[in-house]
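J.: Quick one, fold the following:
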Amino acid sequence: MAVEASVSAGAGAGAGAGAARRSLADIAYERVRDRLLTLDIKPGDLLSDGELAKDLGVGRTPVREALKRLELDRLVVSYPRRGTFATRVDVTDLAFISEIRTQLEPLAASRAARVATVSAREQLREVMRAVEGFDASAASVVETLRLDASVHRGIYAAAANPHLEDVLIRYDNLATRIWCMVLDRLPDLSRHVHEHVDLLRAVIDGDEAGAAELARIHVSGFEQAVREALFAA
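T.: Predicted coordinates:
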């Protein structure tokens, strides 16, 4: 779908153009990121900025800006004279990512339980209700990933530490790519999705210790389930 932007003419055109470029770069970043996370762009695939620009309906400049951000996120890698490729995924990545998330997800959950505002807790209640009513067996991959992301992003935001939030979003993205590799082989996807309810409730209720422990169990269970699916393939 094409992305359209209007830029004011006259004295303010330079500033307007800069804002428009930033906006288009954000859109390009989000759309390419989502294609990488869902493996629509597969690990190892070559990314052509020209083809992406055409697909997204934007110019090459915002796409190139998006690819630079995605390289910082470790979702793509660029090689001189070869091009930009989607990063590969292997079991070693899972171990490294889980090692970090096992430490930081409980920190974010306990901090959110302690400092979340009334508004943030209400937003988490809305997410919790969505999880409670979610039918994993009837949902698409994108719908499942969107719900999972809403849980984790909601907790990260409620923790009110932008540096912690930034790090966790990056590693949650990397974990999501691995999850997508085995999503159709996970025997109990519904349980994985619905165990978020207890975690969200602990955060909402201000149970710091409980939220931390549930977050740790969730991340550890994720790693174990993915490993079993990978080795069973």
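J.: so who does the spatially most central residue of the chain touch?
T.: Centroid check for the chain by Cα atoms, centre = their mean gives Asn173 as the closest residue, at 3.8 Å. For Asn173, the contacting residues are 33, 37, 73, 75, by Cβ atoms under 8 Å, 6 or more residues apart in numbering. No exception for glycine: its C-beta is placed from N, CA and C like everyone else's.
J.: Select, from those, the two members most distant in space.
T.: The largest separation in those, counting by Cβ to Cβ, is between Leu37 and Asp73 at 10.2 Å.
J.: Quick check: which element contains the residue nearest to the centre of the chain?
T.: According to DSSP states H and E, Asn173 maps onto helix 162-182.
J.: May I have that helix exported as CSV, CA atoms only?
T.: Coordinates of the C-alpha atoms in helix 162-182 are reproduced here as CSV (Å, rounded to 0.1, in the frame of the first residue of the first chain):
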residue,chain,number,x,y,z
PRO,A,162,13.0,4.0,28.7
HIS,A,163,16.4,2.5,28.5
LEU,A,164,15.2,-0.8,29.9
GLU,A,165,12.2,-0.7,27.5
ASP,A,166,14.4,-0.1,24.5
VAL,A,167,16.7,-3.0,25.3
LEU,A,168,13.8,-5.4,26.0
ILE,A,169,11.9,-4.5,22.8
ARG,A,170,15.0,-5.3,20.8
TYR,A,171,15.5,-8.7,22.4
ASP,A,172,11.8,-9.5,22.4
ASN,A,173,11.9,-8.9,18.6
LEU,A,174,14.8,-11.3,18.2
ALA,A,175,12.9,-13.9,20.3
THR,A,176,9.8,-13.4,18.2
ARG,A,177,11.7,-14.4,15.0
ILE,A,178,12.8,-17.6,16.7
TRP,A,179,9.2,-18.2,17.9
CYS,A,180,7.9,-17.8,14.4
MET,A,181,10.2,-20.5,13.2
VAL,A,182,8.5,-23.1,15.3
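J.: Run the chain-centre distance for that helix.
T.: A distance of 5 Å separates the centroid of the chain from that of helix 162-182, by Cα atoms, centre = their mean, to the nearest Å.
J.: Then stretch 98-114?
T.: 16 Å.
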